[in-house]
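**Student:** Give me a model of this one.
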Amino acid sequence: EAHAPVTRAGRIVGGTKTTITQWPWQTAIAFRPSVAAGNGFQRQFCGGTLVTPTFVVTAAHCFYRNGGFPSADQYSVITGRTNLSSSAGQEIDFDSYFVPVDALGNPLFNPDAFEFDFVIVRLSVPSVSSTIQIAGPDERATWAAGQPAFVTGWGDTAEGGGAFPDALRIGRVAIADDLACADSYAAVGTTVRPDTMLCAGRFGGGVDTCQGDSGGPMVVPVSGGGFRLVGDTSFGIGCARPEFPGVYGRLADDSLRAIIGDFILSQTGIDVIGSGARPVTLTMITQGPKKMTTKRKARFVFEASEPASTFRCRLDHRRERPCASPFLVRVHPGKHKLRITAVNPLGERGQPALRRWRVLGR
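**Tutor:** I've put the predicted structure just below:
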């Protein structure tokens, strides 16, 4: 470890069980059965993200050993599997893995600072699981500070607890402000570099990646449904501690994005970089009554920031109750307000949207 309190390994704490059907691009990185005994649960050591049927992005630190990178013939990728101990999905051997290098041929990955913490894995045969695109240059707003994000993996559920789950887990976090994250880590002597690193979590702690999640995906929801890949789990101080969000490889920003996109495009002709996606808003009212109206009936249309969210509505001082868009109300003349709150699939309430209006008349 470069600094005693820093866990230089991928680190989900505070999350819940999920299924691979919901996050089909999630992969497990494991030692091949010929190298290590046991089932997939016993052999898995990192996560990864399927960006084409034959290419996976994961963390460089998962493989770095004794000053270098071992041969690819030790490793395999598991796709399409919720419970690692099962035989569902596919287990596919590495064909090779690409470690980005500088002009002199030296690896860009810095094992002390964890800069350029990613590698690109080529699979020996295609996976049949669905893939995900990396957020593109015109999609920066989808992962601006404060935007919701999701992390998935089979990592430890408690810091230092050795509580590794067999079933895939998910945690909801938020993209952190670069400067605020860098300042938090600087206070304990650890450098976070915004050119190659991205922070996400909760400054109050409670939800985070942990050991065993390394290399796995951090994705953001986009308007209209779907997700974009923005980071891979890299390191952090402990797991889910207050003031220390997790640190991820900044996959959706150059130069990491360009390296990944250009390499895979040259090998496959597939563009793994997205374009045109818009950010989501946690709760947004898109239609409603005018601020001043004579109509006693009001119709509201609203949307959630995250797919599969439900809603709770509170009209004036009445009790909150479940609702759905479009939502119709009938009120008397006077001032009124409607508060709408989205509840994500994990049961977490978002920031409510509020609409005030006045009905004229006696």
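
**Student:** Tell me where this structure has helices.
**Tutor:** Remark: helices assigned in the chain by DSSP state H are 40-43, 178-186, 256-268.

**Student:** For burial, what's the neighbour tally of the closest residue in space to L256 that isn't next to it in sequence?
**Tutor:** Leaving out its chain neighbours, the residue that sits closest to L256 by Cβ to Cβ, 6 or more residues apart in numbering is R250, at 5.7 Å. (C-beta placed from N, C-alpha, C; glycine too.) The tally of other residues near R250 (other Cβ atoms under 10 Å) stands at 27.

**Student:** Please apply the same query to N106.
**Tutor:** 9.

**Student:** Tell me how far it lies from V99.
**Tutor:** Plainly put, N106 is 10 Å away from V99 if you go by Cβ to Cβ, to the nearest Å.

**Student:** Make sure the residue nearest to L256 is actually in contact with A258.
**Tutor:** No - at 11.7 Å, R250 and A258 do not qualify as touching, with contact defined as Cβ atoms under 8 Å.

**Student:** Any idea what P107 is bridged to?
**Tutor:** V101 (DSSP bridges).

**Student:** what's the residue nearest the centre of the chain in contact with, if anything?
**Tutor:** The centre of the chain sits closest to M218, judged by Cα atoms, centre = their mean, with a distance of 2.2 Å. Going by Cβ atoms under 8 Å, 6 or more residues apart in numbering, M218 touches A149, F150, V151, V173, L198, A200, L229, V230, G231, D232, T233, Y248.

**Student:** If you drop the residues flanking it in sequence, what lies closest to it?
**Tutor:** Nearest one to M218, counting by Cβ to Cβ, 6+ apart, is G231 at 3.9 Å.

**Student:** ok, that neighbour touching G201?
**Tutor:** No - using Cβ under 8 Å, G231 is not in contact with G201; the gap is 11.4 Å.

**Student:** Counting neighbours, what do you get for A252?
**Tutor:** 27.

**Student:** I meant to write G146 there.
**Tutor:** 12.

**Student:** any idea how far the closest residue to it other than its chain neighbours lies from E306?
**Tutor:** Spatial nearest neighbour of G146, excluding adjacent residues (Cβ to Cβ, 6+ apart): A174 at 5.9 Å. Counting by Cβ to Cβ, the gap from A174 to E306 is 12 Å.

**Student:** what's the burial count for D166?
**Tutor:** Neighbours around D166, by other Cβ under 10 Å: 15.

**Student:** returning to what we had before: ok, now which ones touch the residue nearest to M218?
**Tutor:** Here G231 is in contact with L198, A200, P217, M218, Y248, G249, R250, L251, A252 (Cβ under 8 Å, 6+ apart).

**Student:** Next one: it from G261, what distance?
**Tutor:** 15 Å.

**Student:** Ok, G206 next?
**Tutor:** 34 Å.

**Student:** Tell me which of the two has more neighbours.
**Tutor:** Shown here are G206 and G261; by other Cβ under 10 Å, G261 has more neighbours (20 against 13).

**Student:** The more buried one against D271, yeah?
**Tutor:** Yes - using Cβ under 8 Å, G261 is in contact with D271, at 6.9 Å.

**Student:** So, low pLDDT: which residues of the stretch 201-350 of the chain?
**Tutor:** The model of the stretch 201-350 of the chain has pLDDT under 70 over residues 203, 281-282, 305, 346, 348.
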